[in-house]
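Q: no sequence for this one, just the structure:
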């Protein structure tokens with residue numbers, strides 16, 4: 001018996017017309033200066049990850065690339081203290097420090113500081129987050145009760161997905177993958193810039209697979 005999952009595709013358009021409209025932190029220059037990832041998630045101001053006053057892990061773009069993962073929950077499986085449960089090809093629940101349920105209301109997920117956690121149903125629609133892996137500069141994971149400063153649904157932790165700034169970072173590329181159970185995945189990202197003035201990034205991603213492998217019949 002085979003259940004077919006429909007293709008899921010999304011497009012992301014990110015615009016920046018001036019330094020004031022872009023991300024407030026120049027992550028590229030800060031990382032080159034300090035020789036390590038920089039974050040604003042802990043205190044609201046730029047800090048080296050080695051100096052932050054909270055229990056934080058950062059997954060860099062290079063680590064994402066080397067992981068071989070094609071979705072965000074699979075990237076998070078490599079982070080100590082993060083529990084990822086799969087409920088099929090697309091559905092996943094992510095918990096921090098052992099607290100995990102199918103609809104996890106205790107982890108706050110952000111994209112560039114903006115909430116993607118669904119208050120009405122109390123869960124995160126991971127396959128619908130409009131960010132391709134190629135667009136991600138780093139994923140910041142804050143663990144423990146200090147994350148509760150972000151709100152009631154951040155009791156066990158916060159996951160902040162930081163994307164590349166199209167005004168400062170030029171990200172281009174196409175990825176296509178395939179596998180068993182008719183699995184197919186592809187993403188494409190293109191960035192256009194007027195140096196110092198404007199930048200635009202376009203992203204698209206698609207996925208399809210059969211939920212269960214077919215069972216051959218006898219006779």
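A: Nice, I can see it. Remember, it's a predicted structure, so these values are computed and weren't measured experimentally. Residues are numbered from 1 along each chain as shown.
Q: for residue 144, which non-adjacent residue is closest in space?
A: Spatial nearest neighbour of residue 144, excluding adjacent residues (Cβ to Cβ, 6 or more residues apart in numbering): residue 55 at 5.1 Å. Every residue, glycine included, has its C-beta placed from N, CA and C.
Q: partners of the one you found in the sheet?
A: residue 143 (DSSP bridges).
Q: quick one: the helices in this structure?
A: Secondary structure of the chain (DSSP state H): helices located at 27-34, 61-67, 72-76.
Q: how near is the nearest residue to residue 30 once chain neighbours are set aside to residue 56?
A: Of all residues beyond its chain neighbours, the one nearest residue 30 is residue 38 (4.1 Å), with distances taken as Cβ to Cβ, 6+ apart. Taking Cβ to Cβ, to the nearest Å as the measure, residue 38 falls 12 Å from residue 56.
Q: residue 155 against residue 97, yeah?
A: No: counting by Cβ atoms under 8 Å, residue 155 sits too far from residue 97 to count as a contact (10.0 Å).
Q: can you pull the contacts of the residue lying closest to residue 134 once chain neighbours are set aside?
A: Take residue 134 and drop its neighbours on the chain: the residue closest to it by Cβ to Cβ, 6+ apart is residue 189, 4.7 Å away. Applying Cβ atoms under 8 Å, 6 or more residues apart in numbering, we find residue 189 in contact with 132, 134-135, 171-174, 201-203.
Q: and if we set it to 10 Å?
A: Counting by Cβ atoms under 10 Å, 6 or more residues apart in numbering, residue 189 makes contact with 12, 132-135, 164, 166, 171-175, 201-205.
Q: try residue 159
A: If a contact means Cβ under 10 Å, 6+ apart, then residue 159 has 41, 59, 72, 76, 79, 82, 94, 96, 107-111, 116-117, 124, 139-143, 147 as its contacts.
Q: how far away is it from residue 117?
A: Applying Cβ to Cβ, the value for residue 159 to residue 117 is 10 Å.
Q: try residue 143
A: Distance of residue 143 to residue 117, given as Cβ to Cβ: 17 Å.
Q: count the residues that sit near residue 97.
A: By other Cβ atoms under 10 Å, the residues close to residue 97 number 16.
Q: residue contacts, it?
A: Taking Cβ under 10 Å, 6+ apart as the criterion, residue 97 is in contact with 55, 81-83, 106-107, 143-145, 156-157.
Q: now, the contacts of residue 159 that are in strands?
A: Taking DSSP state E, the ones among the contacts of residue 159 that sit in strands are 59, 82, 94, 96, 107-111, 139-143.
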